[in-house]
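Peer 1: need coordinates for the below:
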Amino acid sequence: MKYFDCLKKNVDPQPFLDEISGIDGAWDKSTGRQDKIKVQREALAIPLRGLRKSAIGDRKRRDVHESRWTTGSKPYVVARRFLEDFAAEQDSILGRAKIVCLPAGKRVYPHIDRGEYYRVRNRYHLVLRSAAGSWLKAEDEEVRMKEGELWWFDNDQMHEAFNDGDQDRIHMIFDMLPSSRAQEVFGTAA
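Peer 2: The predicted structure is shown next:
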């Protein structure tokens, strides 16, 4: 496969799911993704890390490299620890991150993540819930990701997702910049 790689299996999703279910209205606190991004309109999201608005200046959002923990991410201790540990393990700098729910019968429409931010980063999916396996397509390749698996995939390709199961599909989706590219992106070593 060119556009997908399963990096880990058997990551226990239950601590992440317990954390989400322990927060009242977790999926209702931020609706910007489904409200503003047409291809994401059927998905719900909990933003953990986002772009730094103060760094935007005259750049488009997709070209802002700087990111930060959101104020809403504070109660997600398990998710934050996992992201920090995996970034260290991969010798990478953590970028944007979110927990995403795709309800049964819903989809993420075909798109390419464009811009300087995405061009230099790797995209990952940690599958937290997906009874039937999560279908994802990039260009001409299709995979069915299973609960507890961590996948890299090439989001520079046309990609889409569909939840053909009968329950919500929950993934933690995040980006990382290899430390070897820090000089190129930020002008300084990591």
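Peer 1: V78: what's it in contact with?
Peer 2: By CB atoms under 8 Å, 6 or more residues apart in numbering, the contact list for V78 reads P15, F16, D18, E19. All C-beta atoms are positioned from the backbone trio N, CA, C, and that covers glycine.
Peer 1: a markdown table for those, including pLDDT?
Peer 2: Putting the contacts of V78 into a markdown table (pLDDT from 0 to 100) gives the following:
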| residue | pLDDT |
| --- | --- |
| P15 | 98 |
| F16 | 98 |
| D18 | 97 |
| E19 | 97 |
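Peer 1: could you dump those residues into JSON lines and include neighbour count?
Peer 2: JSON lines is the format used below for these (neighbours: other CB atoms under 10 Å):
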{"residue": "P15", "neighbour count": "15"}
{"residue": "F16", "neighbour count": "20"}
{"residue": "D18", "neighbour count": "10"}
{"residue": "E19", "neighbour count": "18"}
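Peer 1: low-confidence regions, the protein specifically.
Peer 2: For the chain, residues meeting the criterion pLDDT under 70 lie at 29-37, 54-56, 188-190.
Peer 1: looking at it, which helix is longest?
Peer 2: In the chain, taking DSSP state H as the definition, the longest helix is helix 77-89.
Peer 1: of the contacts of V78, just say which sits nearest to D140.
Peer 2: Using CB to CB, F16 comes nearest to D140 of the contacts of V78, at 31.3 Å.
Peer 1: what is the orientation angle of the strand or helix carrying that closest one with helix 77-89?
Peer 2: For F16, the element it lies in under DSSP states H and E is helix 14-21. Counting by axes from the mean of the first three to the mean of the last three CA atoms, to 10 degrees, helix 14-21 lies at 130 degrees to helix 77-89.
Peer 1: list the buried residues of stretch 108-119.
Peer 2: Residues of stretch 108-119 classed as buried under the neighbour-count rule (16 or more other CB atoms under 10 Å) are V108, D113, Y117, Y118.
Peer 1: if we ignore the residues flanking it in sequence, what's nearest T70?
Peer 2: P47 (4.9 Å; CB to CB, 6 or more residues apart in numbering).
Peer 1: that neighbour touches R68, doesn't it?
Peer 2: No - in this structure, P47 is not within contact of R68 by CB atoms under 8 Å, at 10.6 Å.
Peer 1: run through the strands of the chain in chain order.
Peer 2: Using DSSP state E, the strands assigned to the chain run over residues 4-8, 44-51, 67-69, 92-102, 107-111, 122-129, 134-138, 141-145, 150-153, 159-162, 169-178.
Peer 1: mind listing residues that contact the fifth one?
Peer 2: Read that as strand 107-111. With CB under 8 Å, 6+ apart, strand 107-111 has contacts from 38-43, 102, 158-163.
Peer 1: again, but for the first one
Peer 2: Residues outside strand 4-8 that contact it (CB under 8 Å, 6+ apart): Y124, L136, A138, E141, V143, M145, E149, L150, W151, W152, F153, D154.
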